[in-house]
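In: need a structure here:
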Amino acid sequence: MSKIIISCAVTGSIHTPSMSPHLPYRPADIAAEAVGAAGAGAAILHLHARRPEDGHPSADPAHWAAFLPAVKAGCGAVVNMTTGGSAIMTLDQRLAAPMRFRPEMCSLNMGSMNFALYPMAARILKWKFGWEKPFLLNSADLVLKNTPRDIAHVLGVMGEERGARFEFECYDLSHLTMLRHFVDRGTVRPPYFVQFVFGVLGGMAAEPDTLTHLKRTADRLFGSDYQFSVLAAGRMQVPLATMAAAMGGHVRVGLEDNLWIAKGRLAQSNAEQVRLIRGIVEALGREVATPDEARAMLGLKGADQVGF
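Out: Purely as a prediction, here's the structure:
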């Protein structure tokens, strides 16, 4: 098997500060968590921005600028900027920072979907900030919009114009067929880095049978031109990542996807989750890729070509 790439999603836009005191949202904390995750073995850092005063998801380039240079200075990991941002943002808002900072890699959600976070609100007894509860409850009537025209636009402005490669986030089987559509249009080139995303209400359930079905489908659609990674939100993060590693795939962990390290115990940091999954994949006989090895595997342009 090839070396395994560990990605770490440091903060995201799903969890809110009331859910864990360890969720980073201030710039210095996001940077420190990212650098710590890289030190633990993450080759790719999937990043979002937040308002520093209250942790609300942010698309403001100024909020990104407050931590991106520190991340780059502190480690050699690949910076993967979100283009999904949050379902509450417009496409123009979501692209403002990636277009300015020209990262090596961006995430790209391969379809529109319900992004239902509202069940999490019932678990919080005391709210830290006033925005959190309405943000979660309003997701009962919220769609993350990523139409074919939107996808083509992202591929153009970030890929063709700025040289970024993509983490193709596939929350549903139909997202694989949408990616195949863009392959047939000639707008993406191999190797395709496909992130199978499980456990978001509105997407696929985090179940082993679903993973094997997606893998078979991706094999049929893309042959040897793709590499897959697995992201499972919540308690199935480690079981499905372990399964992915055994199948020859890559893995993603981090506080964006899961706040816990074990049943009843919050993760103290992103690095703690990286160390956990690193120990598991190495026990399976997989060798963890360095950032530069990940760059070579995915055909990235290099850290010297970014705008931060």
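In: ranges for the helices of the stretch 1-150 of the chain?
Out: With DSSP state H, counting those that start in this stretch as the criterion, the stretch 1-150 of the chain has helices at 27-40, 61-65, 68-74, 91-101, 132-137, 148-154.
In: contacting residues around the fifth one?
Out: The reference is to helix 132-137. 16-18, 56, 88, 117-118, 120-121, 124, 127 (CB atoms under 8 Å, 6 or more residues apart in numbering). Yep, even glycine has a C-beta here, placed from its N, CA and C like the rest.
In: Just the buried ones out of these, please.
Out: 16-18, 56, 88, 117-118, 120-121 (16 or more other CB atoms under 10 Å).
In: where do the helices sit along the stretch 151-300 of the chain?
Out: 173-185, 208-222, 237-246, 270-283, 291-298.
In: between these, which one is nearest to residue 27?
Out: Evaluated over the helices of the stretch 151-300 of the chain, closeness to residue 27 peaks at helix 270-283, with 15.3 Å, by CB to CB.
In: For stretch 95-104, give me every contacting residue.
Out: 49, 59-61, 64-65, 68, 78-83, 106, 154, 157-158, 162-165, 295, 300-303, 305-308.
In: switch to 6 Å and redo it
Out: By CB atoms under 6 Å, 6 or more residues apart in numbering, the residues outside stretch 95-104 that reach it are 59, 61, 64, 78-79, 81, 83, 106, 157-158, 162, 164, 300-301, 306-308.
In: So which of the helices of the stretch 151-300 of the chain is nearest residue 2?
Out: Set against residue 2 and scored by CB to CB, the helices of the stretch 151-300 of the chain come closest in helix 291-298, at 7.0 Å.
In: Specify the angle between the closest one and helix 27-40 in degrees.
Out: If you take axes from the mean of the first three to the mean of the last three CA atoms, to 10 degrees, helix 291-298 sits at 80 degrees to helix 27-40.
In: So which bits of helix 291-298 are buried?
Out: 291, 294-295, 297-298.
In: And for stretch 92-109?
Out: So, applying 16+ other CB under 10 Å, buried residues of stretch 92-109: 94-99, 101-109.
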